[in-house]
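1. turn this into a model:
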Amino acid sequence: MRIALLTYSTKPRGGVVHTLALAEALAALGPAGGVTSVDVWTLGRGGDTTFFRSVDPRVGVRAVPFEARDDETVGGRIVRSIAVLREAFAQERGAYDVVHAQDCISANAALPCLRTVHHLDRFTTPELAACHDRAVAEPDGLVCVSAAVAAEVAAGWGRAPTVIPNGVDAPRFEAGARDVEGRAAWADRLGRYVLALGGIEPRKGTIDLLEAFALLRADPAHADLRLVVGGGETLFDYRDYRTAFDARARELGVEPVVLGPVDDPALPSLVAQAAVLGFTSTKEGFGLAAMEALAAGVPVVARDLPVLREVFGEAVRYGDSPAAFAVQLGAALGGVADGAERGRELARSYTWEAAALRHVAFYAELSRLHA
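-> Coordinates of the predicted model:
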């Protein structure tokens with residue numbers, strides 16, 4: 001089968017990381033595994049012609065030029081993103097047997113198609129709300145990366161997605177733990193740190209983590225700690241939230257280190273050097289960044305969400321408020337690394353090869369049903 005995967009960006013967001021890893025795993029199956037070709041379609045924003053990292057040459061990269069417009073609203077940018085990707089993809093969709101979108105923007109551009117729903121959102125921008133609803137209601141088939149999100153889709157839309165968990169590149173993050181030079185460079189630059197990934201935005205619950213960090217650092221044993229935030233490339237306008245975050249940080253006397261997007265080769269050592277990962281997201285589909293931290297042997301404190309309980313079980317610590325996060329961060333920092341191997345084993349159990357095989361079976365079953 002000839003497969004097209006579609007995503008909305010070339011930047012290192014979770015859905016884009018998923019798309020590339022899945023594409024490479026599908027391509028690796030090759031004709032013997034039922035896969036003739038795999039192309040990834042995306043919008044090349046800001047002049048990008050490829051992704052944030054190198055891509056396996058067996059995967060075709062189709063970056064559609066998308067010019068920036070400074071005076072454009074978020075809603076206008078979403079509408080234009082859909083239109084530009086739709087126009088380009090429509091010219092070549094006949095070359096594919098499977099069209100599989102990985103987010104609401106690419107799904108709206110590619111309908112009729114398949115869609116992976118990583119997590120559900122509630123948007124107030126009308127264009128975004130319409131994009132989100134249509135991309136759940138109208139695709140020919142849905143995949144969710146966890147049963148918890150599939151249950152939300154069933155409750156809200158009466159649909160029954162197929163659950164196919166994420167894969168994790170566990171060996172890459174285990175190698176980060178062994179990267180003495182890389183870890184030393186981060187230690188020299190940052191000292192001892194609590195790490196958050198995904199940038200400063202409402203869905204990541206970054207202000208809750210900031211509040212928890214301030215409580216934690218009040219303990220003299222943790223006075224040397226720093227709060228480090230990596231990542232953060234997004235289509236959406238979170239300036240008000242960032243302003244609120246900065247203001248609260250000043251009130252609390254905390255000076256976070258905001259790295260912005262981190263070069264992909266440097267990410268595993270950054271994660272591995274962290275004393276603990278704070279994973280306070282209010283919505284997640286799987287929790288890939290947290291699973292990568294476990295692969296690196298780093299303890300994780302997560303928000304107590306059904307989806308994270310499903311995926312991580314007892315391999316991470318849970319909290320439901322800044323005060324609870326602070327307690328659990330302190331416990332993780334003061335504890336013995338007794339759960340490190342359990343976390344590594346959990347991460348190793350989720351492979352991209354297994355995810356690719358299940359996707360091929362999903363595609364074949366849908367093809368049979370629609371034959």
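
2. low-scoring stretches of the stretch 201-350 of the chain, by residue?
-> Low-confidence regions of the stretch 201-350 of the chain, defined here as pLDDT under 70, cover residues 233-237, 336-338.

3. ranges for the strands of it?
-> Ranges of strands in the stretch 201-350 of the chain, per DSSP state E, counting those that start in this stretch, are 226-230, 257-260, 276-279, 300-303, 317-319.

4. just the stretch 51-200 of the chain next, same as before
-> Listed from the start of the chain, the stretch 51-200 of the chain has strands (DSSP E, counting those that start in this stretch) covering 59-66, 98-101, 114-117, 141-144, 162-163, 193-197.

5. which stretch among these comes nearest V307?
-> Distances from V307 to each of the strands of the stretch 51-200 of the chain were compared using CB to CB; the shortest belongs to strand 141-144, at 9.6 Å. C-beta here means a position set from N, CA and C on the backbone, and glycine is covered the same way.

6. next one: that closest one to chain centre, how far?
-> Relative to the chain's own centre, strand 141-144 is displaced by 17 Å; criterion: CA atoms, centre = their mean, to the nearest Å.

7. now stretch 196-203
-> Shown here is stretch 196-203, whose average C-alpha point lies 11 Å from the average C-alpha point of the whole chain (CA atoms, centre = their mean).

8. distance between the ends of it?
-> The separation between the terminal residues of stretch 196-203, taken as CA to CA, to the nearest Å, is 13 Å.

9. and for stretch 212-229?
-> 14 Å.

10. what comes into contact with it?
-> Residues lying outside stretch 212-229 but in contact with it, judged by CB atoms under 8 Å, 6 or more residues apart in numbering, are 190-197, 199-200, 206, 209-210, 252-259, 274-275, 278, 280, 319, 322-323, 325-326, 329-330, 333-334.

11. give me the buried subset of the residues you listed.
-> 190, 193-197, 199-200, 206, 209-210, 254, 256, 258-259, 274-275, 278, 280, 319, 322, 325-326, 329-330, 333 (16 or more other CB atoms under 10 Å).

12. and the gap between the residue positioned nearest the centre of the chain and S281?
-> When CA atoms, centre = their mean is applied to the chain, the residue found nearest the centroid is G14 (1.9 Å). If you measure G14 against S281 using CB to CB, to the nearest Å, the figure is 10 Å.

13. list the contacts for M291?
-> Going by CB under 8 Å, 6+ apart, M291 touches 166, 168, 311-312, 346-347, 350.

14. how about a cut-off of 7 Å?
-> Remark: with contacts taken as CB atoms under 7 Å, 6 or more residues apart in numbering, M291 is in contact with 168, 347, 350.

15. for the last one, grab phi and psi.
-> Torsion angles at Y350 (phi, psi; degrees, to the nearest 10) stand at phi -100, psi 100.

16. how many neighbours does it have?
-> Neighbours of Y350 under the rule other CB atoms under 10 Å: 20.

17. touching, it and I164? I think so.
-> No. Because the distance of 10.7 Å does not satisfy CB atoms under 7 Å, Y350 is recorded as not touching I164.

18. please enumerate the helices of the stretch 51-200 of the chain.
-> For the stretch 51-200 of the chain, the helices defined by DSSP state H, counting those that start in this stretch cover 74-90, 104-110, 126-137, 147-157, 170-178, 180-190.

19. quick one: closest of these to D263.
-> With CB to CB as the measure, helix 180-190 is the member of the helices of the stretch 51-200 of the chain nearest D263 (11.1 Å).

20. for the closest one, which outside residues touch it?
-> Applying CB under 7 Å, 6+ apart, the contact partners of helix 180-190 are 226, 228, 257, 266, 269-270, 272-273.

21. run the chain-centre distance for it.
-> 25 Å.

22. with just CA atoms, put it into PDB.
-> Output of helix 180-190 as PDB, limited to C-alpha atoms (Å, rounded to 0.1, in the frame of the first residue of the first chain):
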ATOM      1  CA  VAL A 180      28.600  11.900  29.700                       C
ATOM      2  CA  GLU A 181      29.800  14.800  27.700                       C
ATOM      3  CA  GLY A 182      26.400  16.000  26.700                       C
ATOM      4  CA  ARG A 183      25.000  15.700  30.200                       C
ATOM      5  CA  ALA A 184      28.000  17.500  31.600                       C
ATOM      6  CA  ALA A 185      27.400  20.400  29.200                       C
ATOM      7  CA  TRP A 186      23.800  20.800  30.400                       C
ATOM      8  CA  ALA A 187      24.900  20.500  34.000                       C
ATOM      9  CA  ASP A 188      27.500  23.200  33.600                       C
ATOM     10  CA  ARG A 189      25.000  25.500  32.000                       C
ATOM     11  CA  LEU A 190      21.900  24.800  34.200                       C
END
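
23. buried residues of that helix, list them for me.
-> 182-183, 186, 190.

24. and the closest residue to I200 other than its chain neighbours, how close does it get to F325?
-> When the adjacent residues along the chain are set aside, I200 lies closest to T206, with 4.6 Å between them (CB to CB, 6 or more residues apart in numbering). In this view, T206 and F325 are 12 Å apart by CB to CB.
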